[in-house]
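A.B. asks: Sequence first, predicted coordinates after that:
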Amino acid sequence: QSVLTQPPSASGTPGQRVTISCSGSSSNFGRDYAYWYQQLPGTAPKLLIYKNDQRPSGVPDRFSGSKSGTSASLAISGLRSEDEADYYCAAWDDSLRGWVFGGGTKLTVL
Amino acid sequence: QVQLVQSGSELKKPGASVKVSCKASGYTFTSYAMNWVRQAPGQGLEWMGWINTNTGNPTYAQGFTGRFVFSLDTSVTTAYLQISSLKAEDTAVYYCARADASPGECSNGVCLAPNWFDPWGQGTPVTVSS
């Protein structure tokens, strides 16, 4: 059971907008930022969003992040087939004194 | 460019040990902390802990004390993960991931909060089977 809760799956058609949620608690999102990682099939995770809503260079602006209270969201607009991947949210947890991840959301582009 | 290259896949018997390496390049190795993350087959990501690349001081997450050891060889800018007394449940892909933060926030082997994982190594599959 992951400390951060994500839906196990999400889907959309090309061009659509998809949102993936991540629910935490006062000891993680309530105190710290949200981070998102993208893991394409058979590859290592890659940083997608940092400090709630910041995109590293090279990440398309189709990807956006937000956080409100103890929940965070990742939105992908203009969905493309190459966005099919697993997406993980993460945060530092003050109670556990460590990094925690969501269980991951498998995004399927129909 | 900043890059982490890990050692190849390993097949070990229960009770044996394994040492995974993570070779860093493209940046000052001793300025940024290094994290280790485990991903069991078909499962999510699990943070194992981190090591201060300047002092060599490791910090282990809950559940990763005792059989897991982080170490460094700064002369070859490489971090290591050693797992002893291997069990079948240690079968997983192990990733190294550099800590990163806003400009100027990483020095002396540690990154001030807030920090994140970037980049990641390509992963080292470790299979434990008799």
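C.D. replies: Perfect, I can see it now. Remember, it's a predicted structure, so these values are computed and weren't measured experimentally.
A.B. asks: now what about stretch A:16-24, what contacts it?
C.D. replies: Residues outside stretch A:16-24 that contact it (CB atoms under 8 Å, 6 or more residues apart in numbering or on different chains) are A:3-7, A:10-12, A:29-30, A:34, A:70-79, A:87, A:89, A:91, A:100, A:102, A:105, A:107. Any C-beta I mention is one placed from the backbone N, CA and C, and that applies to glycine too.
A.B. asks: Of these, which belong to strands?
C.D. replies: A:10-12, A:71-76, A:87, A:89, A:91, A:100, A:105, A:107 (DSSP state E).
A.B. asks: which residues does residue B:124 contact?
C.D. replies: Contacts of residue B:124 were listed using CB under 8 Å, 6+ apart, and they are B:6-10, B:20, B:93-95.
A.B. asks: Return the members of the residues you listed classed as buried.
C.D. replies: With burial judged by 16 or more other CB atoms under 10 Å in any protein chain shown, the buried subset of those is B:6-7, B:10, B:20, B:93-95.
A.B. asks: what would the residues you listed look like in TSV with distance to residue B:125?
C.D. replies: Converted to TSV, the buried ones among the contacts of residue B:124 look like this (distance: CB to CB, whole Å):
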residue	distance to residue B:125
B:6	10
B:7	11
B:10	7
B:20	10
B:93	5
B:94	8
B:95	11
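A.B. asks: Let me have the residues you listed in JSON lines, extended by pLDDT, secondary structure and distance to residue A:54.
C.D. replies: Shown next, in JSON lines, are the buried ones among the contacts of residue B:124 (pLDDT from 0 to 100; DSSP: H, G, I helix; E, B strand; the rest coil; distance: CB to CB, whole Å):
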{"residue": "B:6", "pLDDT": "98", "secondary structure": "strand", "distance to residue A:54": "27"}
{"residue": "B:7", "pLDDT": "97", "secondary structure": "coil", "distance to residue A:54": "32"}
{"residue": "B:10", "pLDDT": "98", "secondary structure": "strand", "distance to residue A:54": "36"}
{"residue": "B:20", "pLDDT": "98", "secondary structure": "strand", "distance to residue A:54": "30"}
{"residue": "B:93", "pLDDT": "98", "secondary structure": "strand", "distance to residue A:54": "27"}
{"residue": "B:94", "pLDDT": "98", "secondary structure": "strand", "distance to residue A:54": "28"}
{"residue": "B:95", "pLDDT": "98", "secondary structure": "strand", "distance to residue A:54": "22"}
